[in-house]
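Novice: with the input below, show me the fold.
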Amino acid sequence: MNTRILMVTSAATMGIAGLVATFAPVEVLNAAAIPVNGPLPVFVQLMGALYIGFAMANWVAKDNAIGGIYSRPLSMANCLHFFAGALALLKYEYAHGFGTPMIAVLIVYALFAIAFSYLLLGMSPAGKVAPK
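Specialist: Below you'll find the predicted structure:
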């Protein structure tokens with residue numbers, strides 16, 4: 001697996017989401033049909049800051065050896081983020097009939113969860129599949 005492509009793709013995806021959430025929180029809430037009241041726009045901006053921070057961590061590590069024991073904290077954090085996010089989105093889709101536009105976000109999260117799970121659990125430090 002080419003970890004550079006995975007890290008750049010995840011950095012770009014989270015970076016774009018982070019910039020949108022940071023600089024257009026009201027629009028994000030309106031697009032999700034959530035009433036804009038109280039501190040919600042600030043929470044969306046904080047979420048955007050988290051995405052930007054995660055994107056920067058992935059971007060900086062894109063040239064590092066990743067897999068097995070190498071960069072394990074970063075690959076584990078990405079795996080957990082995308083896996084938990086995919087489960088939350090799956091729960092949302094299940095409750096709302098799998099017809100919402102959030103299905104695209106679920107697919108992206110699921111693909112990243114699978115890729116980072118494989119990277120975390122199935123790759124040896126040399127980039128080859130670990131023996132079972």
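
Novice: domains for the chain, by residue range?
Specialist: If you go by automatic domain parsing, the domain ranges for the chain are 1-63, 64-132.

Novice: measure the first one end to end?
Specialist: One end of domain 1-63 to the other measures 14 Å (Cα to Cα, to the nearest Å).

Novice: ok so, going back, in CSV, list the domains of the chain along with mean pLDDT and mean neighbour count.
Specialist: Glycine gets a C-beta too; all of them are placed from N, C-alpha and C. Shown next, in CSV, are the domains of the chain (pLDDT from 0 to 100; neighbours: other Cβ atoms under 10 Å):
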stretch, mean pLDDT, mean neighbour count
domain 1-63, 94, 16
domain 64-132, 84, 16
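
Novice: what helix or strand is the residue nearest the centre of the chain located in?
Specialist: With distances taken as Cα atoms, centre = their mean, residue 82 lies nearest the centre of the chain, 4.7 Å away. Using DSSP states H and E, the element containing residue 82 is helix 72-96.

Novice: show me what that helix is packed against.
Specialist: helix 40-60, helix 102-122 (3 or more Cβ pairs under 8 Å, 6 or more residues apart in numbering; DSSP states H and E).
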